[in-house]
Each structure stands twice: as structure tokens, then as C-alpha cells.
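Enquirer: Output the structure for:
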Amino acid sequence: MSENTKVLIETSLGNITVELFEKEAPVTVANFLAYVDDNYYAGTIFHRVIKGFMIHGGGLDANLRNVPGKAPIRNEAGNGLSNKVGTIAMARTAVVDSATSQFFINTAPNSFLDHQDETPRGFGYCVFGQVTDGMDVVRAIEAVPTTSKGFYDDVPASTITIFRVSRIAAK
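Expert: You can find the predicted model right below:
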């Protein structure tokens, strides 16, 4: 039985359970859980959805406004984990150590996002967990029609809200 922390992501399309990999990504998991414990994700949305790639959320509200977050964290992409189907990873800018609250769930094998080297281009995106239940919900989100809104492309035409992310009590 796994001793890793699990969280429940409650969305307008259903629930997703994610197991977090504290041993491999301790800074990232601690950061994510700080947002979870602060109820930060309530009311954020999946704002970028690309079929055959990933679903991305956790930092914008329904009006596509940034929700202020905490300071950026160190990128742990060199932890040996790969951006495989169903893994959750931190979104970031072109700056290696820029991840804050936003995350994405891979819907395809995206090994090109893995850590390749220490350069900004090759550093990669830190995987810090795996969907253990609710991949059908991930697929439903992935399948929604998308559009462009303001500065954003690949925005779901119908808002997909994250109602809450919470820790699941160990059994």
C-alpha cells in the first residue's frame, strides 16, 4: 500500500484522484500541498486543454484572470520521473525555476517535456504525481471543444471549474 499523500481534485466534470510523489519531488509536493491546504484552487479553472497533449489549470479564474500565488519554486524536473500519460506536472514559464500554482495532467506520453539537460530549454517540467482514479474525467476534460479568448488559445468553450482540491485521509 502506498504511503504517499493523495489529493482529490473536484471539478465541474467529475473527480480526479492524484497520488503525490513526495520522495522524488519534495519541494514541488510541499508547494502544491500548501496551495491545497490554503484552499487556493477553489474557483480556478482548467484554462488550457489540448487533445492528445494535456489539460492545464490551477492559476486562473473563470474570467481568465491570474489568481495571485506564492513565490516560484525550484524546478525538480531532474527527479527521474517522466511526463507519461496520467502524470501531473508543474507548469512554468521559460524561466526554469518559475513554477507556482499551475499544473497540468499529461494525456499523452510527453517525454519531450522531461529533463534533458541543465539548459533552460532542456530542463523540463517537474512530474510530481500520478492520477490513480478519474482518468475518465481527465479524458472528458481533454475532449471538450476549445476556443480562443483574449490572449489565450485552447480555452474550453464551456468553463471547467475546479471546485476544490483536498487531501484524502490515509486509510
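
Enquirer: list the contacts for the one residue sitting closest to the centre of the chain?
Expert: Computing the C-alpha centroid of the chain and ranking residues by C-alpha atoms, centre = their mean puts Phe103 first, at 2.3 Å. Counting by C-beta atoms under 8 Å, 6 or more residues apart in numbering, Phe103 touches Phe32, His56, Gly57, Gly58, Ile88, Ala89, Met90, Ala91. The C-beta positions use only the backbone N, C-alpha and C, and glycine is treated the same way.

Enquirer: and the last one, how far is that from Lys23?
Expert: Think Ala91. Distance check for Ala91 against Lys23: by C-beta to C-beta, to the nearest Å, it reads 22 Å.

Enquirer: quick one, which of these two is more surrounded?
Expert: Ala91 (19 against 10; other C-beta atoms under 10 Å).

Enquirer: Got the phi and psi for the closest residue to the more buried one other than its chain neighbours?
Expert: Nearest in space to Ala91, with sequence neighbours left out and distances taken as C-beta to C-beta, 6 or more residues apart in numbering, is Gln102 at 3.9 Å. Here is the backbone geometry of Gln102 (degrees, to the nearest 10): phi -70, psi 140.

Enquirer: show me the contacts for Gln102.
Expert: Taking C-beta under 8 Å, 6+ apart as the test, what Gln102 contacts is His56, Gly57, Gly58, Gly59, Met90, Ala91, Arg92.

Enquirer: Please state the offset of stretch 152-169 from the chain centre?
Expert: Relative to the centre of its chain, stretch 152-169 is centred 10 Å away, using C-alpha atoms, centre = their mean, to the nearest Å.

Enquirer: cool, stretch 9-18 as well?
Expert: Relative to its parent chain, stretch 9-18 has a centroid offset of 12 Å by C-alpha atoms, centre = their mean.

Enquirer: Between its first and last residues, how far does it reach?
Expert: End-to-end distance of stretch 9-18 (C-alpha to C-alpha, to the nearest Å): 8 Å.

Enquirer: Give the buried residues for it.
Expert: Of the residues in stretch 9-18, Ile9, Glu10, Thr11, Leu13, Ile16, Thr17, Val18 count as buried by neighbour count, 16 or more other C-beta atoms under 10 Å.

Enquirer: So of those residues, which two are at opposite extremes in space?
Expert: Farthest-apart pair in the buried residues of stretch 9-18 is Leu13 and Val18; separation 15.4 Å (C-beta to C-beta).
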